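Q: Build me a model:
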Amino acid sequence: MAELKNKPVLVGKVDLWWYGIALLPILALIYLGFSGILSPFIGLLGLFAFFFWLFSLVFAIASKLRKRPKDPRQ
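A: Below is the predicted model:
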């Protein structure tokens, strides 16, 4: 059980500005898919990517707002 508590931190710092950059191609996929330029299947993949992006953004904001412990407990 002690091994589970001492897991390394996988992501040290969250940069929220990457989420704005990632949103542009996702919105382009949705627009191109549902306007008929590309296959509508591409639009559905864009919608899936948008919801994945949205949940990822919520978790990133939650991790930014969470207070980290000042010292590790022994």
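
Q: Return the set of buried residues in stretch 37-46.
A: The neighbour-count check on stretch 37-46 (16 or more other C-beta atoms under 10 Å) flags 38, 43, 45, 46 as buried. Every residue, glycine included, has its C-beta placed from N, CA and C.

Q: Buried residues, the helix or strand the third one falls within. List them.
A: The reference is to residue 45. Following DSSP states H and E, one finds residue 45 within helix 40-65. Neighbour-count burial for helix 40-65, counted by 16+ other C-beta under 10 Å, picks out 43, 45, 46, 49, 60.

Q: Among those residues, find the lowest-pLDDT one for me.
A: Lowest pLDDT within the buried residues of helix 40-65 is found at residue 60 (88).

Q: Any idea which residue is closest to the centre of the protein?
A: residue 56 (2.7 Å; C-alpha atoms, centre = their mean).

Q: What count of nearby residues applies to the spatially closest residue to that residue that is not a sequence neighbour?
A: Among residues not flanking residue 56 along the chain, residue 19 sits closest, at 7.5 Å (C-beta to C-beta, 6 or more residues apart in numbering). For residue 19, the neighbour count with other C-beta atoms under 10 Å is 15.

Q: quick one: secondary structure of residue 13?
A: Under the three-state scheme (DSSP: H, G, I helix; E, B strand; the rest coil), residue 13 adopts coil.

Q: quick one: contacts for it?
A: Not one residue lies near residue 13 by C-beta atoms under 8 Å, 6 or more residues apart in numbering.

Q: how far away is it from residue 42?
A: 33 Å (C-beta to C-beta, to the nearest Å).
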